[in-house]
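S.K.: Give me coordinates for this.
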Amino acid sequence: MKTSRKYLAALATTTILFSACSEPEQRKGDTSEAKAETAVIDPMEDRGIGPVTSITLGDIDKALALEGESQFTTKCAACHKMDKRKIGPPMAGIMSRRSPEWIMNMILNPDEMVKENAQAKALLAEYLSPMANQSLTEPEARQILEYFRQYDNTNN
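M.R.: Predicted coordinates:
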């Protein structure tokens, strides 16, 4: 008899704990949160999260691109190749897949981007490795962006 009481008490306690700790059911009419999560954003319109809100691109600056290539080789090439997948995605064609602001914000603010930006979250899910924060400055990130522009212009 005591065993039955203990068993019933344990079962009741477990049921109460699971009921109390589970998330409440979403009301049937409340779909605004679900819609917000599934909203599709044009990758070229997404500026990302970080200090860069707007960039005006002119002609490719070859000196800036050369500095960017050096920065890329030093800070990025351990995880990225231009033409194929490595630890991270290939960079070739990046200018046609992402906005310049998004690219710079990903370089400058990768930790926040993978937490808050849908495209960065998708990349993290695909590559299973967060981008390391290299503590680059905005001018250094701009150099790398210019290198990407020159590479894409030359190789496409």
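
S.K.: Buried residues, stretch 133-150. List them.
M.R.: For stretch 133-150, the neighbour count (16 or more other CB atoms under 10 Å) marks 134, 136, 140-150 as buried. C-beta coordinates here come from the backbone N, C-alpha and C atoms, glycine included.

S.K.: Same question for stretch 105-124.
M.R.: Buried, per 16+ other CB under 10 Å, within stretch 105-124: 105-110, 112-114, 117, 119-120, 123-124.

S.K.: Ends of that stretch, what's the gap?
M.R.: End-to-end span of stretch 105-124 (CA to CA, to the nearest Å): 15 Å.

S.K.: ok, now stretch 102-121?
M.R.: One end of stretch 102-121 to the other measures 13 Å (CA to CA).

S.K.: all helices for the chain, in order.
M.R.: Listed in chain order, the helices of the chain (DSSP state H) span 2-21, 32-38, 62-71, 94-97, 100-108, 110-116, 118-127, 138-155.

S.K.: Just list the residues touching the closest residue to Y147 other than its chain neighbours, thanks.
M.R.: Using CB to CB, 6 or more residues apart in numbering and skipping residues adjacent in sequence, the residue nearest Y147 is G68, 3.0 Å away. By CB atoms under 8 Å, 6 or more residues apart in numbering, the residues touching G68 are R142, Q143, I144, L145, E146, Y147, F148, Q150.

S.K.: Show me which of these is closest to E101.
M.R.: Distance to E101, by CB to CB, is smallest for L145 among the contacts of G68, at 9.5 Å.

S.K.: Where among the helices of the chain is average confidence lowest?
M.R.: Mean pLDDT is lowest for helix 32-38 among those, at a mean of 47.

S.K.: Spatially central, which residue of this structure would that be?
M.R.: Centroid-nearest residue in the chain: A120, 1.4 Å away (criterion: CA atoms, centre = their mean).

S.K.: Please name the residues that touch that residue.
M.R.: By CB under 8 Å, 6+ apart, the neighbours of A120 are G48, M106, P110, M113, V114.

S.K.: And for the first one, nearest residue in space, chain neighbours not counted?
M.R.: The shortest distance from G48 to any residue that is not its chain neighbour, by CB to CB, 6+ apart, is 3.4 Å, and that residue is N105.
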